[in-house]
Every structure is written in C-alpha cells, then in structure tokens.
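> Fold the following for me, if possible:
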Amino acid sequence: MKNLIPAILVGLLALAIHQKADSSAQAPTRSTSAEEMAAVTYKHLATAIIEIEATEDHLVKSILIGYHQAAQRHLRRAVDDAAQRQTHLEAAATEITNIANEGDKRIQAVRQRLKKAGHTHNTDEVTKDDFMFIDSKEKKQLLDLGQKVARLGATASADDIRAVHNELTQLVEKAIAGE
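Purely as a prediction, here's the structure:
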C-alpha cells in the first residue's frame, strides 16, 4: 500500500504534464477568444477529473482484491495449520470486514475527508451511505460472513472453512464484477 501511493502520485503528475504538453502544442493565437480558451481549459479539466476518478476506482478495486486475497490466504492456512487455525480465522474475518467497509480505518479516514469536501460516488438507496463497489446489501452479507468466520473456532472442519472460502469468493466477485 505504501508503494502504491507514490505510484499514483507519479501517474497523476504524468497526466498533468501530458495535459500541459497538449495545451502547449495547441497554444492559442492572439485571435483566440477568452471563451474559446476557457472552453479548451475546461475540457482539459474535465478530462483530468474523469481520469482521476477512474484511477480512484481502479485503486479501490485493487484494494478490495488485496483484502480478498489476504482473507483467502488466511482461510487456506486455517485449513492447513490446526495449531494456528483460530488466529488465521480471526485474521480472515478482519480482512472480510475490510472488504465490507471498502477499506480499513486509514482508508476510511481518507474517504471521509473526501466526502466532507463533496467528493461522492454512489449513494445507497437504503442507507443513503456513499459507496464505490459494496452496497448495503453486500456489506451486510460480508459482515455476516466475517462474523461467521470468526465464530468457526479452532475446531472448525476443513469443509466448513472451504465453504466460507467459496462463499466469500462468490460475494466479492459479484460485488466488483462489471464495475
């Protein structure tokens, strides 16, 4: 995650430089009106905003996939390591909760800051909450699954763990498919 943030900043800087180069290549002549210059500038601004939002979508989707992979890894380890089964199940439950909330506390803090500044995504019809991929129905299903995983305990069978592993995969794939 720490390596991802500088990469995004470099990408945004490259986009800004690219936009500047495009606008320099099309330098306005003296006969260009202020309205035309404003329209071109506004067009570039719109393109940059759209690209930034697409970048945010890709970032959040990759974060969700990362949480999903971590949860799957802990579930597989819970099957293989009876001595640490409870620890792995609790870690998997935490990762599932992170998926449900579309991020851990650090990510939620950033999203809250963006929301206060007026940056929103999709509004859930039931809860009126802002979300990107996980709506209130999916969030409830994931939170319930996280609790189920946490309650499995050290004596859980491999079949029980595999079943929640498969359920998690189905929920996550459905939530992020086609977005």
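> which phi and psi does residue 122 have?
phi -110, psi 140 (degrees, to the nearest 10).
> Can you get me a residue count around it?
Residue 122 has 13 neighbours, counted by other CB atoms under 10 Å. Where you see a C-beta, it was placed from the backbone N, CA and C, and this is true even at glycine.
> got the contact list for the nearest residue to it once chain neighbours are set aside?
Closest residue in space to residue 122, ignoring its immediate chain neighbours: residue 131 at 5.4 Å, by CB to CB, 6 or more residues apart in numbering. Going by CB atoms under 8 Å, 6 or more residues apart in numbering, residue 131 touches 102, 121-124, 139.
> got it, and residue 161?
Contacts of residue 161 (CB under 8 Å, 6+ apart): 75, 78-79, 89, 152.
> what mean pLDDT does the helix or strand where it lies have?
If you go by DSSP states H and E, residue 161 is part of helix 158-176. For helix 158-176, mean pLDDT is 94.
> Helix, strand or coil: sort out the closest residue to residue 152 other than its chain neighbours for me.
The spatial neighbour of residue 152 that comes closest, neighbours along the chain excluded (CB to CB, 6+ apart), is residue 89 at 5.3 Å. Of the three states, residue 89 takes helix under DSSP: H, G, I helix; E, B strand; the rest coil.
> show me the contacts for residue 89.
Contacts of residue 89 were listed using CB under 8 Å, 6+ apart, and they are 74-75, 78, 149-150, 152-153, 156, 161.
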